[in-house]
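Peer 1: Curious how this folds, go ahead:
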Amino acid sequence: LAFANNSLTGSIPAQIFNISTLQGLDLTNNKLSGRLPSSTGYGLINLEVLVLFLNEFDGVIPASISNASKLTILDLTRNRFSGPVPNSLGNLRLLRHLELTGNHLTTEPSSRELSFISYLTNCNCLKLLGFAENPLHGFLPMSVGNLSTSMEGFYAYGCGIKGSIPDGIGNLSSLIILNLYGNHLSGPVPSTMKYLQNLQGLDLSANQLSGSIPDCICKLKRLYQIYLGQNQFRGSMPSCLNNISSLGEIDFAGNLLNSSIPGSLWNLTDLLKLNLSYNSLSGSLPYETGNLKVVTLLDLSGNHLNGNIPSSLGGLQSLATLSLAQNKLQGPVPDSLNQMLSLEFLDLSNNNLSGPIPKSLETLLYLKYINLSFNHLRGEIPSSGPFMNFTYESFMSNDDLCGSQRF
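Peer 2: Numbers count the residues shown, from 1 in each chain. Predicted coordinates:
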């Protein structure tokens, strides 16, 4: 029975919960409301798929749902369910997907831990577990390492998880996505992460994790995304990241990293996004920065980088966003930047750049934003092409700029 993507309102008729032959019920993206009856599951003995994603159901998730013992997919995402996650879900031995994201679920009042995880270790077929965006505010139990070894997706972002990441996380050897973004996690990244050899996406950003970024991350040969921004990591960046040839996105922004950028990083020629902003990184940008031929975002702002902007950056023809603001860069704005045919956002403000603004930048057809303020630039501000749309705010506090009256 599939009524997805309509505008149905009201509650689910009680009779539906007594259709013993029903194998699948999909009510995705409606405006259905009300509570699930406390007897849910008793009459649905053959139900394998229950999808209530994107509705307005509220009340508790009835514990009796576990009597629908053939359930393989249970998706209650984006509703208003409240109360604790029933421990009885652990009785659904065939469960493959459990998605509870975006509700008002809480932890058991008597427990500091997310106790339901310990019960879900009975679900040996579980591949996807999502309980993000719920006000759980508990600790991840050690038993997280006893979840199904076939687990591929673990989504627990934005739910107030406290404490450290348990070492047992390394037991989830089939994991492809691990997303713990926006919690209150603290302590170091456990070295057992190196056992997640199938991991492609790792998001630990916006927590209070500390210590150094461990070299063990470099053993994750299939990693595509690594997001560790907005934490308290300090020390140097791992010099072995170039060992992960599959890397496409790196975000270490907003930490306390205080080394130079490892030269080996510029060998990641398939990198699409690199954000190292707001750390304390030092040293100069080498000519090899231009090796990142397919990069679309390069943000190194808010560091202590010095030296000249390498002319090789002009070869980054896929680059849409370039920010080198708030550093100690000096020398000219390279004329070669006019070769960045895809550039939309350019911020070189708050440096020690000198010389003229290259007139050749007028050929950057897609440039929507430029900020060259707080430098030592001189001469005439270009006035055609994208510069027709820029205001004086893009060029404030320089040594001796002149140009169109609006500047």
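
Peer 1: which residue is nearest the centroid of the protein?
Peer 2: Centroid check for the chain by C-alpha atoms, centre = their mean gives Asp203 as the closest residue, at 5.2 Å.

Peer 1: And the pLDDT at that residue?
Peer 2: pLDDT recorded at Asp203 is 98.

Peer 1: does Gly314 count as helix, strand or coil?
Peer 2: Here Gly314 is helix, with the state taken from DSSP: H, G, I helix; E, B strand; the rest coil.

Peer 1: Tell me, how many residues neighbour the residue nearest to it when sequence neighbours are not counted?
Peer 2: In space, and not counting its chain neighbours, Gly314 is closest to Ser336: 2.8 Å by C-beta to C-beta, 6 or more residues apart in numbering. Backbone N, C-alpha and C define where each C-beta goes, glycine included. A count of nearby residues for Ser336, using other C-beta atoms under 10 Å, gives 18.

Peer 1: Next, the contact list for Ser336, please.
Peer 2: Ser336 is in contact with 311-315, counting by C-beta atoms under 8 Å, 6 or more residues apart in numbering.

Peer 1: which of the residues you listed has the most neighbours?
Peer 2: Leu313 (22 neighbours).

Peer 1: how close does that residue get to Asn291?
Peer 2: Counting by C-beta to C-beta, to the nearest Å, the gap from Leu313 to Asn291 is 11 Å.

Peer 1: For Ser118, I want the exact helix or strand it lies within.
Peer 2: helix 116-120 (DSSP states H and E).

Peer 1: Quick check: Phe139 vs Gly24, distance?
Peer 2: For Phe139 relative to Gly24 (C-beta to C-beta), the value is 36 Å.

Peer 1: and these two? which has more neighbours close in?
Peer 2: Phe139 (19 against 14).

Peer 1: Per-residue pLDDT of the more buried one, please?
Peer 2: For Phe139, the pLDDT comes out at 97.

Peer 1: again with Arg406
Peer 2: Listed pLDDT for Arg406 reads 84.

Peer 1: What are the contacting residues of the helix or strand of the chain with the lowest mean pLDDT?
Peer 2: The helix or strand of the chain with the lowest confidence, counting by mean pLDDT, DSSP states H and E, is strand 400-402 at a mean of 94. With C-beta under 8 Å, 6+ apart as the contact definition, strand 400-402 has outside contacts at 357, 377-381, 395, 407.

Peer 1: and with 7 Å instead?
Peer 2: Contact with strand 400-402 is made by 377-381, 395, as judged by C-beta atoms under 7 Å, 6 or more residues apart in numbering.

Peer 1: So how do I select the buried members of those in PyMOL?
Peer 2: To isolate the buried members of those in PyMOL, using 16 or more other C-beta atoms under 10 Å:
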select buried, resi 377+379+381+395
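
Peer 1: Sort out which one of the contacts of strand 400-402 lies nearest Ser20 for me.
Peer 2: Nearest to Ser20, judged by C-beta to C-beta, of those is Phe395 at 73.4 Å.

Peer 1: contacting residues around that closest one?
Peer 2: Phe395 makes contact with 372-373, 381, 401, 407 under the criterion C-beta under 7 Å, 6+ apart.

Peer 1: Which pLDDT value does the model give it?
Peer 2: We have a pLDDT of 97 for Phe395.

Peer 1: again, but for Ser111
Peer 2: Ser111 carries a pLDDT score of 88 in this model.

Peer 1: which one is it nearest to, not counting chain neighbours?
Peer 2: Counting by C-beta to C-beta, 6+ apart, the residue nearest Ser111 is Gly138, at 6.9 Å.

Peer 1: Repeat that for His137.
Peer 2: Of all residues beyond its chain neighbours, the one nearest His137 is Gly160 (3.9 Å), with distances taken as C-beta to C-beta, 6+ apart.

Peer 1: Can you report how many residues lie near the one you found?
Peer 2: Gly160: 14 neighbours (other C-beta under 10 Å).

Peer 1: give me every residue that touches it.
Peer 2: 135-137, 183-184.

Peer 1: for it, phi and psi?
Peer 2: Backbone geometry at Gly160, expressed as degrees, to the nearest 10, gives phi 70, psi 30.

Peer 1: now Leu346
Peer 2: The phi/psi pair for Leu346 (degrees, to the nearest 10) is phi -130, psi 120.

Peer 1: Which residue ranges of the stretch 301-407 of the chain form helices?
Peer 2: Taking DSSP state H, counting those that start in this stretch, the stretch 301-407 of the chain contains no helices at all.

Peer 1: Please enumerate the strands of it.
Peer 2: Secondary structure of the stretch 301-407 of the chain by DSSP state E, counting those that start in this stretch: the strands cover 304-308, 321-323, 328-331, 345-347, 352-355, 369-371, 376-380, 400-402.

Peer 1: Can you tell me which of these is nearest to Leu220?
Peer 2: Judging those by C-beta to C-beta, what sits closest to Leu220 is strand 321-323, at 26.2 Å.

Peer 1: so how far is that closest one off the chain centroid?
Peer 2: When C-alpha coordinates are averaged (C-alpha atoms, centre = their mean, to the nearest Å), strand 321-323 and its chain have centres 19 Å apart.

Peer 1: can you check stretch 390-407 too?
Peer 2: 37 Å.

Peer 1: buried set for that stretch?
Peer 2: Across stretch 390-407, burial judged by 16+ other C-beta under 10 Å covers 390, 394-395, 398, 401, 407.

Peer 1: repeat for stretch 60-76
Peer 2: Neighbour-count burial for stretch 60-76 flags 61-68, 71-76 (criterion: 16+ other C-beta under 10 Å).

Peer 1: what's that stretch in contact with?
Peer 2: Contacts for stretch 60-76 (C-beta under 7 Å, 6+ apart): 36-42, 44-53, 81-83, 85-86, 88-89, 91-92, 94-100, 103.

Peer 1: pLDDT of that stretch, averaged?
Peer 2: Averaging pLDDT residue by residue across stretch 60-76 gives 97.

Peer 1: try stretch 87-95
Peer 2: Mean predicted lDDT for stretch 87-95 stands at 97.

Peer 1: Can I get it in PDB, CA atoms only?
Peer 2: Listed next in PDB are the C-alpha coordinates belonging to stretch 87-95 (Å, rounded to 0.1, in the frame of the first residue of the first chain):
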ATOM      1  CA  ASN A  87      14.400  -1.100  23.500                       C
ATOM      2  CA  SER A  88      12.000  -3.700  22.000                       C
ATOM      3  CA  LEU A  89      13.200  -2.600  18.500                       C
ATOM      4  CA  GLY A  90      16.100  -5.000  19.300                       C
ATOM      5  CA  ASN A  91      13.700  -7.900  18.800                       C
ATOM      6  CA  LEU A  92      13.400  -7.100  15.100                       C
ATOM      7  CA  ARG A  93      16.000  -9.600  14.100                       C
ATOM      8  CA  LEU A  94      15.600  -9.000  10.300                       C
ATOM      9  CA  LEU A  95      15.800  -5.200  10.500                       C
END
